[in-house]
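Undergrad: Got a predicted model here, sequence first, then my questions.
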Amino acid sequence: MPDPPPNAFSPLYEGLSPEDKRRYAEKCKQLGVVDPYLLPHGAMTPVALCQELPEVTFADIYIYLIQFPSSYMGERKAYKSLDAYKFFLAGKVGDVKVWKKCGSGGGKSIFIIRARCGHSMRMREKPLSLWVAVKEDATVLTGHCDCTAGTCEACSHVAATLFFISKASELIQ
């Protein structure tokens, strides 16, 4: 399956505000990828089959959610997202797939992780779609979710997926 054109965006992009569209396009450009929602399914590896994952720890998640300022939103203090561990424990994260973009010129590889996560309150609605980008050294770069808070890059669904990856990376070590 051929890669999508570099300026292509998913239908989720079309529903964003003009400012959110600008930030989303900038995120994709900085990662050097097309819209992660458009990565071909055949290029993505189910997490259960992955031989390699970044070793994300609670400290990495905390730094991303609380200490690391968003390059798109400025200061970030997403304390509520730390509750996402409960989402992870409740089994709300699923359909996790990974794509590894190898670093060029000795740069670090980036893992694009796509997942689905159940809503916290609306149990009968379809799961949310999200992605998160993590360097091979476990530095969390950015994320996106199609929930209401997803454009801030640090919603509970993105955080729950990071907890999922943290546990999955322990299992393959």
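TA: Thanks, I have the structure now. Numbering: from 1, shown residues only.

Undergrad: Now the element after the helix or strand of the chain with the lowest mean pLDDT, going C-ward?
TA: When each helix and strand of the chain is scored by mean pLDDT, DSSP states H and E, helix 84-89 comes last, with a mean of 84. Sequence order places strand 93-101 as the next helix or strand after helix 84-89, per DSSP states H and E.

Undergrad: Is Lys108 in a helix, a strand, or coil?
TA: coil (DSSP: H, G, I helix; E, B strand; the rest coil).

Undergrad: how many other residues sit next to it?
TA: Around Lys108 there are 12 other residues, counting by other C-beta atoms under 10 Å. To be clear about C-beta, it is placed using only N, CA and C from the backbone, and glycine gets the same treatment.

Undergrad: Against Ala133, how distant is it?
TA: 11 Å (C-beta to C-beta, to the nearest Å).

Undergrad: any idea how far Leu49 is from the nearest residue to Ile110 once chain neighbours are set aside?
TA: Distances taken as C-beta to C-beta, 6 or more residues apart in numbering place Lys101 nearest to Ile110, at 4.7 Å, with adjacent residues excluded. For Lys101, the distance to Leu49 equals 18 Å [C-beta to C-beta].
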